[in-house]
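*Asks:* this one's structure only:
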């Protein structure tokens, strides 16, 4: 009786080399790239729309990539974009001949009859770039797997990082009107209760702070810095809510750390005086919920806009602000949480230089938009090592340029945070003194003015 030997799995399924895949034409639409550039020449203001999601590296063709980058730089610096000025810029940078000279620019200028579909073409360019990024990431994963140069768990971690870094780099979040986020926030609150998963500026409305600073002045860069858990995000959100709700001024809140719905949860808890921990675990009372609904109805009418993309450059933040100003007719304030999470234009620069450039450009944005720009920042660990833990200008993390470019530097300090860890033995005189101190500082935060260019500290 004849027997059939079962072939080894590798013999039955020959593997396809990744090099074979690399020989294929990558996803690209050169016509869409040219249409984007032609649209900008016809209507430079579309740069604000395009900069929200499109970057120079998204262009496959080297000439198209260079031209788009130059156009964005011109628009971001407030310069007019036309053929003559573009030629001058390309000549000064030495790129004119490299992109194909005047014939190339003439071809671009005739790519589209109008700029009506600029965003549509830009989305095509972005989509093709995302496909190429996925191919690059997948190819690296394939080669690592073939070479078996690390254990499987580490390789899986690397693969995950490569794929998800594409999404992080795309800035997938969007600018949302507060009323849209509030609806989702209330749905989440209800689900938790059911046990389910789910002129010259503006006033901050904090009386003592406004008395000391004269309010938040237009064209000023204000830095609000603190160590973690000091409440700087909550304080910034309170200011944004005051300016938008009570003042009626449009506010753009750029949240690079927290999602829009997390911010709204915090805001609702603050204004409705609801315990945040109880809200998160769904144990709030019906009375709490009624207060939340009442405050949500009020806040939903406010011109407060939240961009919760985890990745934004200063150029993209500026584009978002310009769009809201055009739509609303004015802008009251910009808040960014927080500075060290803003993506640098050049990741190869030393970190201190990156932060210095970001701070400088934020000051420029405040001047361009003629609004106060409140940017949160982290402090270094030296603040923890000091005897009294009180923050100082020297504690600003990563760059002294932050202090230099800022008009106002404020620090949030909570003595309760440090005092609660000093509890002496119960029943002693020291414990009675400690209890008295805790009763005095509990629930209080101190705002320290570390620098004020035009006022006292």
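*Replies:* All right, it came through fine. Just so we're clear, the structure is a prediction, and the values are computed from it rather than from any experiment.

*Asks:* what's the following helix or strand after the helix or strand containing residue 291?
*Replies:* When elements are assigned from DSSP states H and E, residue 291 belongs to helix 286-299. As assigned by DSSP H and E, the chain's next helix or strand after helix 286-299 is strand 304-307.

*Asks:* May I have the strands that pair with that next one, each with its orientation?
*Replies:* Strand pairing for strand 304-307, determined by DSSP bridges: strand 175-177 (antiparallel), strand 251-255 (parallel).

*Asks:* Quick one: distance of the last one to the chain centre.
*Replies:* Which is strand 251-255. How far strand 251-255 lies from its chain's middle: 9 Å, per CA atoms, centre = their mean, to the nearest Å.

*Asks:* Tell me which residues are up against the helix or strand following that strand.
*Replies:* Going down the chain from strand 251-255, the next helix or strand is helix 260-272, by DSSP H and E. For helix 260-272, contacts defined as CB atoms under 8 Å, 6 or more residues apart in numbering pick out 173, 176, 178, 181-182, 184-185, 188-189, 233-234, 237-238, 241, 253, 255, 274-276, 279-280, 288, 291-292, 294-296, 299, 306, 308. C-betas here are computed from N, CA, C, even on glycine.

*Asks:* element containing residue 74?
*Replies:* helix 62-76.

*Asks:* which other helices and strands contact that helix?
*Replies:* In terms of contacts (3 or more CB pairs under 8 Å, 6 or more residues apart in numbering; DSSP states H and E), helix 62-76 is packed against helix 30-42, helix 46-50, helix 83-93, helix 96-99, helix 101-109, helix 314-328.

*Asks:* and the biggest helix by length in the chain, how far out from the chain's middle?
*Replies:* Longest helix in the chain by number of residues, with DSSP state H as the criterion: helix 118-147. Offset of helix 118-147 from its chain centre (CA atoms, centre = their mean): 23 Å.

*Asks:* Okay, angle between that helix and helix 62-76 too, please.
*Replies:* Relative orientation of helix 118-147 and helix 62-76, computed by axes from the mean of the first three to the mean of the last three CA atoms, to 10 degrees: 130 degrees.

*Asks:* and the closest residue to residue 313 other than its chain neighbours, helix, strand or coil?
*Replies:* Leaving out its chain neighbours, the residue that sits closest to residue 313 by CB to CB, 6 or more residues apart in numbering is residue 343, at 4.8 Å. Under the three-state scheme (DSSP: H, G, I helix; E, B strand; the rest coil), residue 343 adopts coil.

*Asks:* just checking, residue 343 touches residue 317?
*Replies:* No - applying CB atoms under 8 Å as the test, residue 343 and residue 317 come out as separate, 9.9 Å apart.

*Asks:* more neighbours, the two?
*Replies:* residue 317 (26 against 20; other CB atoms under 10 Å).

*Asks:* so where does residue 410 fall, helix or strand?
*Replies:* Using DSSP H and E, residue 410 falls within strand 408-413.

*Asks:* Run through the neighbouring helices and strands of that strand.
*Replies:* Against strand 408-413 (3+ CB pairs under 8 Å, 6+ apart) you get strand 221-226, strand 446-452.

*Asks:* Could you measure from residue 440 over to residue 278?
*Replies:* Distance, residue 440 to residue 278, by CB to CB, to the nearest Å: 25 Å.

*Asks:* That should have said residue 184, apologies.
*Replies:* Distance, residue 184 to residue 278, using CB to CB: 20 Å.

*Asks:* Residue 319 is in contact with residue 365, correct?
*Replies:* No - with contact defined as CB under 8 Å, residue 365 does not reach residue 319; the gap is 10.4 Å.

*Asks:* buried sites along stretch 67-87?
*Replies:* Neighbour counts using 16 or more other CB atoms under 10 Å place 67-72, 74-76, 81, 86 of stretch 67-87 among the buried residues.

*Asks:* Check stretch 236-248 too.
*Replies:* So, applying 16+ other CB under 10 Å, buried residues of stretch 236-248: 236-245, 247.

*Asks:* go on, stretch 154-162?
*Replies:* Residues 155, 159, 162 are the ones in stretch 154-162 that count as buried (16+ other CB under 10 Å).

*Asks:* Out of those, which sit inside helices?
*Replies:* Those of the buried residues of stretch 154-162 lying in helices (DSSP H): 155, 159, 162.

*Asks:* thinking again about what came up before, for residue 440 and residue 278, work out which one has more neighbours and name it.
*Replies:* Neighbours per residue, other CB under 10 Å: of residue 440 and residue 278, the larger number sits with residue 278, 15 against 11.

*Asks:* Pull up the gap between the more buried one and residue 248, please.
*Replies:* Counting by CB to CB, the separation of residue 278 from residue 248 is 32 Å.

*Asks:* Please parse the chain into its domains.
*Replies:* 30-170, 175-452 (automatic domain parsing).

*Asks:* looking at those, which is buried most?
*Replies:* Ranked by mean neighbour count, the domains of the chain are led by domain 175-452 with a mean of 18 (mean count of other CB atoms under 10 Å).

*Asks:* distance between the ends of that one?
*Replies:* This stretch, domain 175-452, spans 31 Å end to end (CA to CA, to the nearest Å).

*Asks:* That domain: how far from the chain's middle?
*Replies:* Chain-centre distance of domain 175-452: 13 Å, with CA atoms, centre = their mean.

*Asks:* avg pLDDT for that domain?
*Replies:* In this model, domain 175-452 has an average pLDDT of 83.

*Asks:* again with stretch 79-88
*Replies:* Taken as a whole, stretch 79-88 has a mean pLDDT of 90.

*Asks:* do stretch 115-134 as well
*Replies:* On average, the pLDDT along stretch 115-134 is 93.

*Asks:* which residues touch residue 445?
*Replies:* 230-231, 235, 412-414.

*Asks:* circling back to that earlier point, in the sheet, which strands lie alongside the strand holding residue 410, parallel or antiparallel?
*Replies:* Take DSSP bridges as the rule and strand 408-413 pairs in its sheet with strand 221-226 (parallel), strand 446-452 (antiparallel).

*Asks:* Can you tell me what sits against whatever helix or strand residue 365 lives in?
*Replies:* For residue 365, the enclosing helix or strand under DSSP H and E is helix 351-369. Helix 351-369 has contacts (CB under 8 Å, 6+ apart) with 78, 218-221, 314, 317-318, 321-322, 325, 331, 334, 336, 339-340, 342, 344-347, 349, 372-373, 375, 398-399, 401-402, 404-407.

*Asks:* can you rerun that using 6 Å?
*Replies:* Residues outside helix 351-369 that contact it (CB atoms under 6 Å, 6 or more residues apart in numbering): 219, 221, 314, 318, 321, 331, 342, 344, 373, 375, 398-399, 401-402, 405.

*Asks:* Which pair of the residues you listed spans the longest distance?
*Replies:* By the measure CB to CB, 331 and 398 form the most distant pair in the contacts of helix 351-369, at 28.3 Å.
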